[in-house]
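1. give me coordinates for this.
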Amino acid sequence: IYFGGGTRVQKATGFDDTVDNMYAHVKAAAGPTADPEKVRLFCDESLEHFAFFESIGVEFKDSHYEDKVIFPPTDDCLIYSGNEQAHPFSQEAIPMPRGHKPKKEGSAGAYIIEQMIETFSKLGGTIQNESRAQTLIQGDCGRVVGVIAKIDGQEVAIRARRGVVLTTGGFIMNREMVEHYAPDLAKCKYPIGSPGCDGSGIRMGMGAGGAAVNMHEGLMTTAFFPPVGHIMGLLVSAQGQRFINEDCYHGRVTDAILQKADGRAYLIVDDSTYGQAITPYELAAVEESIEELEASLGIPEGQLVHTLDAYNRSAERGEDPVFHKAEKYVKPLVNPPYAALDLSVDKSVWATFTLGGLDTKASGEVLTVDGRVVKGLYAAGRASAGLTRSGRYYASGMSIGGSSFFGRKAGKSAAEAEPDAS
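-> Here you go, the predicted model:
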């Protein structure tokens, strides 16, 4: 979960973050089409949001996991979960780790949800499972006053006196919607989401007059690290040219492969940097020299040799003047044999999810195309265009962080709304 501004864990592990420093990074990480009000509010109230998670029993260990990973495999908490340390982001804000993983080994998603459900039940809430909302009900003035749902095979009309909150997920599981709205994402073979991420909530909101925005955007990822050694390798196009600094967040690197290298790329490593990646990759070639590797990959003669020679000369001084990879990842590749991992979109595991949805205010209220509020209707999570709106700037933890933060805002707004009198 993405928290910052000086959480207990940050302070305990020696990181002096501030709300303004967090804002400087998050406004970039949320992407150029992000809602400035949402970005500011998310940062300003981050410490309160952290306290909320602790209040429902989610534990965070006062520890920092130093290696660059997707999430700590241990029960450690704090990591750099995005582009904070990578150029150009490291020039815009003081790099700080803000990815907070709960005190559980491995993935902790289920644990977070379990704590939420337990707290909700203790407060007297009820959850109606095996129910599918099918459409929204609107009154004469256009206000949303309920839903039609199918429960145990029967259609049921459910009255909503104050509001309906849509948190139905995105549309990555709806192939037709993905091909229509986000054709780049359709090139990825592995959708990330539950079966319910079929766009039904977004379509219901649109049917009630809500506007859908940012529908072309999503995150694409092929997780080439860990191991950290792979970040010390060189990512090159089919023409043998570098096109991004390899220490960027894996989503940013993946986006660059598609947009700058036409979906074809190789990670070049030597014997000292190669390791088993968490994602299985095809070894496109293994050779004793770069000249032989170049030939095996079908790269134009001399191009990969020149790229590696130029990089190695600078790397000997701990520098990467072209793409500004952080010094700790800059290492001459001089230990044969050399290998090329195929990171191409059609040859490796490319996973993806959507970042578009209903247009909402920071309060969660759904907006029409001309910016009017659809009374009685709220949305959060992937059903909305939330905090972060671009995979090329994204940081892990912003999905759970943003959806829980603005989900709480939507719930509070609905609870405080004037009840429908009709």
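2. wasn't V147 part of a helix?
-> No - judged by DSSP: H, G, I helix; E, B strand; the rest coil, V147 forms no part of a helix; its state is strand.
3. burial of it, as a residue count?
-> V147 has 20 neighbouring residues, counting by other CB atoms under 10 Å. Bear in mind the C-beta positions are built from the backbone N, C-alpha and C, glycine included.
4. same question, G298
-> The local packing of G298 (other CB under 10 Å) involves 10 other residues.
5. show me what counts as buried in stretch 360-372.
-> Neighbour counts over stretch 360-372 (16 or more other CB atoms under 10 Å) mark T360, K361, A362, S363, G364, E365, V366, L367 as buried.
6. nearest to S384, of those?
-> Using CB to CB, T360 comes nearest to S384 of the buried residues of stretch 360-372, at 4.7 Å.
7. what's near enough to touch the nearest residue to that closest one once chain neighbours are set aside?
-> Excluding the flanking residues, the one nearest T360 by CB to CB, 6 or more residues apart in numbering is S384, at 4.7 Å. If a contact means CB atoms under 8 Å, 6 or more residues apart in numbering, then S384 has L166, G357, L358, D359, T360, G364, V366, F406 as its contacts.
8. name the SS class of the last one, please.
-> When classified by three-state DSSP, F406 comes out as helix.
9. that one contacts A362, correct?
-> Yes - look at F406 against A362 with CB atoms under 8 Å: they come within range, at 7.0 Å.
10. mind listing the shared neighbours of those two?
-> Common neighbours of F406 and A362 (CB under 8 Å, 6+ apart) are K38.
11. neighbours around the nearest residue to D184 once chain neighbours are set aside, how many?
-> In this structure, D184 finds its nearest non-sequential neighbour in L258, 6.3 Å apart by CB to CB, 6+ apart. Counted with other CB under 10 Å, the neighbours of L258 add up to 20.
12. can you count the residues close to S55?
-> Counted with other CB under 10 Å, S55 comes out at 9.
13. okay, and A339 sits in which element?
-> Per DSSP states H and E: A339 is located in strand 338-342.
14. and that strand, what does it pack against?
-> strand 265-270, strand 282-287, helix 290-297 (3 or more CB pairs under 8 Å, 6 or more residues apart in numbering; DSSP states H and E).
15. okay, now the sheet partners of the second one, with direction.
-> Think strand 282-287. Looking at strand 282-287 with DSSP bridges, its partner strands are strand 338-342 (antiparallel).
16. what's the first helix or strand after the partner strand?
-> strand 351-354.
17. ramachandran angles for M232?
-> M232 adopts backbone torsions of phi -80, psi -10, taken as degrees, to the nearest 10.
18. do I have it right that it meets Y329?
-> Yes - the pair M232 / Y329 is scored as a contact, 5.2 Å apart, by CB under 8 Å.
19. need the strands for the stretch 301-422 of the chain, in chain order.
-> Applying DSSP state E, counting those that start in this stretch to the stretch 301-422 of the chain gives strands spanning 338-342, 351-354, 357-358, 365-367, 373-379.
20. surely A133 meets I148?
-> Yes - using CB under 8 Å, A133 is in contact with I148, at 7.5 Å.
21. who does Q138 bridge with?
-> In beta-bridge terms (that is, DSSP bridges), Q138 pairs with V144.
22. what number of residues lie near it?
-> Counted with other CB under 10 Å, Q138 comes out at 18.
23. A380 versus that one, what's the distance?
-> 20 Å (CB to CB, to the nearest Å).
24. how about the nearest residue to P419, chain neighbours excluded?
-> P419 sits nearest to R161 (CB to CB, 6+ apart), 4.3 Å away.
25. now mean pLDDT and distance to H324 too, for the strands of the stretch 301-422 of the chain, in a markdown table please.
-> A markdown table is the format used below for the strands of the stretch 301-422 of the chain (pLDDT from 0 to 100; distance: least, CB to CB, whole Å):
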| stretch | mean pLDDT | distance to H324 |
| --- | --- | --- |
| strand 338-342 | 97 | 23 |
| strand 351-354 | 97 | 27 |
| strand 357-358 | 98 | 34 |
| strand 365-367 | 98 | 39 |
| strand 373-379 | 98 | 39 |
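26. shared neighbours, M232 and Y329?
-> With CB under 8 Å, 6+ apart, M232 and Y329 have common neighbours E246.
27. residues contacting the residue nearest to G411 when sequence neighbours are not counted?
-> In space, and not counting its chain neighbours, G411 is closest to V165: 6.2 Å by CB to CB, 6+ apart. The contact partners of V165, by CB under 8 Å, 6+ apart, come to G364, Y378, A379, A380, G407, A410, G411, A414.
28. from what I can see the third one touches L358, true?
-> Spelled out, that is A379. Yes - using CB under 8 Å, A379 makes contact with L358 at a distance of 4.4 Å.
29. return every residue with contacts to both of the two.
-> Contacts common to A379 and L358, judged by CB under 8 Å, 6+ apart, are L166, G201, G205, G210, V366.
30. the third one in helix, strand or coil?
-> The one in question is G205. Going by three-state DSSP: G205 is helix.
31. can you report how many residues neighbour it?
-> 29.
32. now it. Nearest residue, chain neighbours left out?
-> Leaving aside its sequence neighbours, G205 sits nearest to L358 (CB to CB, 6+ apart; 4.4 Å).
33. what is the neighbour count of the one you found?
-> So L358, with other CB under 10 Å, has 29 neighbours.
34. also F243?
-> Neighbour tally, F243, other CB under 10 Å: 16.
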